[in-house]
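Asker: Here you go, sequence then predicted model.
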Amino acid sequence: MEITTRQALLLRKVVEMHVRQGQPVGSRWLAEHDDLPWKPSTIRAELARLEEIGLLRHPHTSAGRVPTDAGYRYYAEELLEEGSLPAPRGEFRLSDMRREVDEAMRATTEQLSQITNLLAIVSAPPIATTTIRHVEVLRLQPQVVMVVIITSTGGVTKRVFSYDEPVDPGLVDWAGSYLNEELGGMGLGARMLHSRLDDPGLSHTEREFLRTLAPSFTELEETAEDSLYVEGAGRLFSEDRVQDLTQINDLMTLLERRVAFLRLLKSALAEPRLYLRIGAENEAPELRSLSVVAANYGLPTRNLGAVSVIGPVRMDYALAIASVRAAAAELSRFVGDIYDE
């Protein structure tokens, strides 16, 4: 959509004032600005033109104008094209965290919500993308064995197995050494993992014992769900921007439907630059009164997850875009330090 430089400047003024004040913006107020050196009649005519092409609308006959979804979209695209985004009001820091993805996800979500005053959602890397860092096989009692798995993301899982007969301590020690040597550095989703647990070159006793321990590895991937971290619902509801009952209901519906979040963030993973959906542009009905800004994070060769904020259409897009990008960049740095390519 092509508009003149003057119309673009007026649209920007209307969007930014409406975001700050939440009120329709009139031509008289615009004419009082020194950086808008045009007569009120000229401004009124340009605003009318912006309304004709669908970028502004009149909420009431005698009121000023407010941006439409298309108006916000045009404004956001201009921000991205100019590259004139502000620095986020806070710095994302994960260097002081323990080297565990779970804590990094929670910290990022909390900081992002605090900075933007929006609902922040971060998806963790799928467990199938992690590798096995270390395995411990411990004999707790003569007939009880515990397997401890530490992954490349710092995650720790434990599983206890009981047997009808006492387990040979030497077999337990052998299993720990074998599993570390054969599975160390291997991805949980790797096809070779199953063959290593049932290697025909092993003795019958060794293979049978490993077969009993196999669920520690195979079921870890099968039962894992994609982890989502959500923060800021209370903060967003307390803001005067979310007073419309439709928006409140839509947000509540979204918070109750985890599958909608997952679908949203999986869509964001496919976007090479930035995932931005404003109001009616969203496919999900529960998102059509809201806006979404998201960016993916990960390794140079693959995306691992997405960072996003959700809020009313009348949001500060410059701050939201800059903050989401900063959070995604910091998470990419973080996972790059702990993941093996």
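Answerer: Perfect, thanks for sending it. Numbering: from 1, shown residues only.
Asker: use CA for all of it now, contacts and neighbours both
Answerer: Noted.
Asker: Tell me which stretches of the chain form strands.
Answerer: 56-57, 66-67, 119-123, 132-141, 144-151, 156-162, 228-231, 275-278, 290-299, 302-312 (DSSP state E).
Asker: among those strands, which is nearest Glu32?
Answerer: Within these, the stretch nearest Glu32 is strand 66-67; the backing value is 18.1 Å (Cα to Cα).
Asker: Show me what that closest one is packed against.
Answerer: helix 5-21, strand 56-57 (3 or more Cα pairs under 8 Å, 6 or more residues apart in numbering; DSSP states H and E).
Asker: right, and these - which one's nearest Asp34?
Answerer: helix 5-21 (12.3 Å).
Asker: Give me the pLDDT value at Ala48.
Answerer: pLDDT recorded at Ala48 is 91.
Asker: In the record's domain split, what are the boundaries for the protein?
Answerer: Domain assignment for the chain by automatic domain parsing gives 5-82, 101-126+226-338, 128-223.
Asker: Kindly compare burial across the ones you listed and name the winner.
Answerer: Comparing those by mean neighbour count (mean count of other Cα atoms under 10 Å), domain 101-126+226-338 comes out on top with a mean of 20.
Asker: how far does it stretch from start to finish?
Answerer: With Cα to Cα, to the nearest Å applied, domain 101-126+226-338 spans 9 Å between its terminal residues.
Asker: distance between that domain and the chain's centre?
Answerer: Relative to the mean C-alpha coordinate of its chain, domain 101-126+226-338 is positioned 5 Å out (Cα atoms, centre = their mean, to the nearest Å).
Asker: re the thing from before, can I get the strands of the chain in a markdown table including distance to Leu179 and mean pLDDT?
Answerer: Listed next are those as a markdown table, based on distance: least, Cα to Cα, whole Å; pLDDT from 0 to 100:
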| stretch | distance to Leu179 | mean pLDDT |
| --- | --- | --- |
| strand 56-57 | 64 | 92 |
| strand 66-67 | 61 | 93 |
| strand 119-123 | 30 | 89 |
| strand 132-141 | 7 | 90 |
| strand 144-151 | 10 | 89 |
| strand 156-162 | 15 | 87 |
| strand 228-231 | 31 | 83 |
| strand 275-278 | 42 | 93 |
| strand 290-299 | 27 | 91 |
| strand 302-312 | 27 | 88 |
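Asker: Look up how far Ala31 lies from Thr301.
Answerer: 51 Å.
Asker: The strands of the chain into TSV, with extra columns for distance to Arg325?
Answerer: Shown next, in TSV, are the strands of the chain (distance: least, Cα to Cα, whole Å):
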stretch	distance to Arg325
strand 56-57	28
strand 66-67	24
strand 119-123	12
strand 132-141	30
strand 144-151	27
strand 156-162	30
strand 228-231	17
strand 275-278	11
strand 290-299	6
strand 302-312	8
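Asker: now for those, which one comes closest to Leu171?
Answerer: Closest among the strands of the chain, using Cα to Cα: strand 132-141, at 9.9 Å.
Asker: Could you find the closest non-adjacent residue to the residue sitting furthest away from the middle of the chain?
Answerer: What lies farthest from the middle of the chain is Glu165; by Cα atoms, centre = their mean that is 48.3 Å. Among residues not flanking Glu165 along the chain, Gln143 sits closest, at 5.9 Å (Cα to Cα, 6 or more residues apart in numbering).
Asker: OK, contacts around that neighbour?
Answerer: 162-167 (Cα atoms under 8 Å, 6 or more residues apart in numbering).
Asker: What is the nearest of those to Ser216?
Answerer: Using Cα to Cα, these come closest to Ser216 at Ser162, 13.3 Å.
Asker: what about that closest one, distance to Gly170?
Answerer: The value you get for Ser162 to Gly170, if Cα to Cα is used, is 17 Å.
Asker: ditto for Ile115
Answerer: 55 Å.
Asker: Next: Val145.
Answerer: 13 Å.
Asker: Check Arg73 too.
Answerer: According to Cα to Cα, Arg73 stands 67 Å off from Gly170.
Asker: residue boundaries of the helices in this protein?
Answerer: Applying DSSP state H to the chain gives helices spanning 5-21, 27-31, 40-52, 69-82, 101-116, 169-183, 192-197, 204-213, 215-223, 233-238, 245-256, 258-269, 317-338.
Asker: now for the last one, which elements pack on it?
Answerer: To tie it back to what came earlier, the one meant is helix 317-338. helix 69-82, helix 101-116, strand 290-299, strand 302-312.
Asker: at 7 Å instead, please
Answerer: Helix 317-338 is packed against helix 101-116, strand 290-299, strand 302-312, with contacts defined by 3 or more Cα pairs under 7 Å, 6 or more residues apart in numbering; DSSP states H and E.
Asker: relative orientation of the second one and strand 119-123 in degrees?
Answerer: Taking axes from the mean of the first three to the mean of the last three Cα atoms, to 10 degrees, strand 290-299 and strand 119-123 form an angle of 30 degrees between their directions.
Asker: Out of the strands of the chain, which is closest to Glu77?
Answerer: Nearest of the strands of the chain (Cα to Cα): strand 275-278, 9.4 Å.
Asker: outside of the closest one, which residues touch it?
Answerer: Identification of contacts with strand 275-278 by Cα atoms under 7 Å, 6 or more residues apart in numbering yields 69, 73, 268, 290-295, 313.
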